[in-house]
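Peer 1: Sequence plus predicted model, see below.
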Amino acid sequence: MALVLNAFNEDNIILASKYIRDGKLVAFPTETVYGLGANALNRIAVAKIFEVKNRPNFDPLIVHIANKEDIYNYVEEINEDVLRLINEFWPGPLTLVLKKKNIIPDIVTSGLDTVAIRMPANLIALKLIKYSNLPIAAPSANPFNYISPTTAKAVLESIGDKIDVILDGGKTQFGLESTIITFDENNQVILLRPGALEIEKIEKLLNKKVIIYNKPNILAPGQTQHHYKPHKELIIIKNLTTTNTPLLIKKIEKELNLNKLYFLLTFKNDYLENFKEMYKLDFVIDYLSQNNDYYEIASNLFEKLYIADKSDKEVILVNEVLKESLGLAIMNRLEKAATKTISIR
């Protein structure tokens, strides 16, 4: 079982860095989700990540660095747009996919000639990288395709018996993985995965339209068709409003089972609360946000899904959000995790 260490104790971060240098696996918090870290320059250590997660070898990893200047050690070309992005958004939840130097092993990049690289905005993560004096390869610290962990408890329960150390730094800030972009041969910005940094901010900085990648080739993490999935059935609810809530109840009553549901809603719905009490319905209502705040929804999404997945309910329902700002990343995760969608009309 993993050694769980209080990450707010500096000595524990130093101890964890020794594990990294020794080729061991350390789970640690970032501002996005918990990562499962290994020495990015050690092929055997990186192979352990794939083994523990049961991750396919065609799905590349992100390399984490502690200083902006370190990117020059691992990447071949840095153009003006990349520099502007780094200066504006690093440290932060932005991953860049760029031509790699040979020092990065092919196992990290799944044989691609590019590497996904970022500088996290979490002091614990930055200290771990600095004390290790190495770049750290780290996908999310969970079994492949499962819900990404935002707490050390979730890491411990899912893979704690397979790794060496967990640095417990509390709940992560954003709750969604980083935004991943690259550039094509015409220097157009290509979105490989929406994430915690809104693409509108990238477009504003570079004065360029971000193009959404739509090819089958996997160039970055999170591009597989199904991902972030709970073990239980997850259904997205579309077009739900306060006024048509009775239609939702009727639809569920007809197509599902009201006694086997765990609700996650993105807004406060007094009508649904009252309906539940009136008809003594035995399902759980929980809220990703009381006021439809996308940052709050993103922060709570994976944690609430994890709690729902561990509950005694059999089906998880999640209300959709608009695909704007952080909503693009939220719906990306939900659509990859969902079994089906129900529309309320």
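Peer 2: Sure thing, it's come through. Residues are numbered from 1 along each chain as shown.
Peer 1: does residue 208 really touch residue 189, like I thought?
Peer 2: Yes - counting by C-beta atoms under 8 Å, residue 208 touches residue 189, with 5.3 Å between them. All C-beta atoms are positioned from the backbone trio N, CA, C, and that covers glycine.
Peer 1: So which of these two has more stuff around it?
Peer 2: Relative neighbour count places residue 189 above the other of residue 208 and residue 189, with 18 against 14, counting by other C-beta atoms under 10 Å.
Peer 1: most remote residue from this protein's center?
Peer 2: Ranked by distance from the centre of the chain (C-alpha atoms, centre = their mean), the top residue is residue 278, with 38.0 Å.
Peer 1: roughly how far apart are that one and residue 243?
Peer 2: Taking C-beta to C-beta, to the nearest Å as the criterion, residue 278 is separated from residue 243 by 17 Å.
Peer 1: next one: residue 73
Peer 2: For residue 73, the distance to residue 243 equals 57 Å [C-beta to C-beta].
Peer 1: Pick out whichever of the two has more residues nearby.
Peer 2: When neighbours are counted by other C-beta under 10 Å, residue 73 comes out ahead of the other of residue 73 and residue 243, with 12 against 8.
Peer 1: Please enumerate the strands of the stretch 201-345 of the chain.
Peer 2: Shown for the stretch 201-345 of the chain, the strands assigned by DSSP state E, counting those that start in this stretch span residues 210-212, 233-238, 261-265, 284-287, 315-319, 340-343.
Peer 1: Name the residues of the helix or strand of the chain with the lowest mean pLDDT that are buried.
Peer 2: Considering only helices and strands, the least confidently modelled element of the chain by mean pLDDT, DSSP states H and E is helix 270-278, at a mean of 74. Neighbour-count burial for helix 270-278, with 16 or more other C-beta atoms under 10 Å as criterion, is recorded at 272, 276.
Peer 1: Same question for stretch 99-119: list its buried residues.
Peer 2: Neighbour-count burial for stretch 99-119, with 16+ other C-beta under 10 Å as criterion, is recorded at 100, 104-105, 107-110, 112, 114-119.
Peer 1: Kindly reformat those as JSON lines containing pLDDT, distance to residue 130 and secondary structure.
Peer 2: JSON lines is the format used below for the buried residues of stretch 99-119 (pLDDT from 0 to 100; distance: C-beta to C-beta, whole Å; DSSP: H, G, I helix; E, B strand; the rest coil):
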{"residue": "100", "pLDDT": "98", "distance to residue 130": "22", "secondary structure": "strand"}
{"residue": "104", "pLDDT": "98", "distance to residue 130": "19", "secondary structure": "coil"}
{"residue": "105", "pLDDT": "97", "distance to residue 130": "21", "secondary structure": "coil"}
{"residue": "107", "pLDDT": "97", "distance to residue 130": "24", "secondary structure": "helix"}
{"residue": "108", "pLDDT": "98", "distance to residue 130": "20", "secondary structure": "helix"}
{"residue": "109", "pLDDT": "97", "distance to residue 130": "23", "secondary structure": "helix"}
{"residue": "110", "pLDDT": "96", "distance to residue 130": "27", "secondary structure": "coil"}
{"residue": "112", "pLDDT": "96", "distance to residue 130": "27", "secondary structure": "coil"}
{"residue": "114", "pLDDT": "97", "distance to residue 130": "25", "secondary structure": "strand"}
{"residue": "115", "pLDDT": "98", "distance to residue 130": "20", "secondary structure": "strand"}
{"residue": "116", "pLDDT": "98", "distance to residue 130": "20", "secondary structure": "strand"}
{"residue": "117", "pLDDT": "98", "distance to residue 130": "16", "secondary structure": "strand"}
{"residue": "118", "pLDDT": "98", "distance to residue 130": "15", "secondary structure": "strand"}
{"residue": "119", "pLDDT": "98", "distance to residue 130": "11", "secondary structure": "coil"}
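Peer 1: So what's the residue count around the nearest residue to residue 201 once chain neighbours are set aside?
Peer 2: The spatial neighbour of residue 201 that comes closest, neighbours along the chain excluded (C-beta to C-beta, 6 or more residues apart in numbering), is residue 89 at 7.6 Å. When neighbours are counted by other C-beta under 10 Å, residue 89 registers 20.
Peer 1: now swap in residue 235 and tell me
Peer 2: Residues contacting residue 235 under the criterion other C-beta under 10 Å number 18.
Peer 1: That one against residue 320, yeah?
Peer 2: No - applying C-beta under 8 Å, one finds residue 235 not in contact with residue 320, separated by 10.6 Å.
Peer 1: how about the closest residue in space to residue 91 that isn't next to it in sequence, phi and psi?
Peer 2: Excluding the flanking residues, the one nearest residue 91 by C-beta to C-beta, 6+ apart is residue 121, at 3.9 Å. Backbone torsions of residue 121, given as degrees, to the nearest 10, read phi -100, psi 60.
Peer 1: The one 5 residues further on now?
Peer 2: Main-chain torsions, residue 126, degrees, to the nearest 10: phi -60, psi -40.
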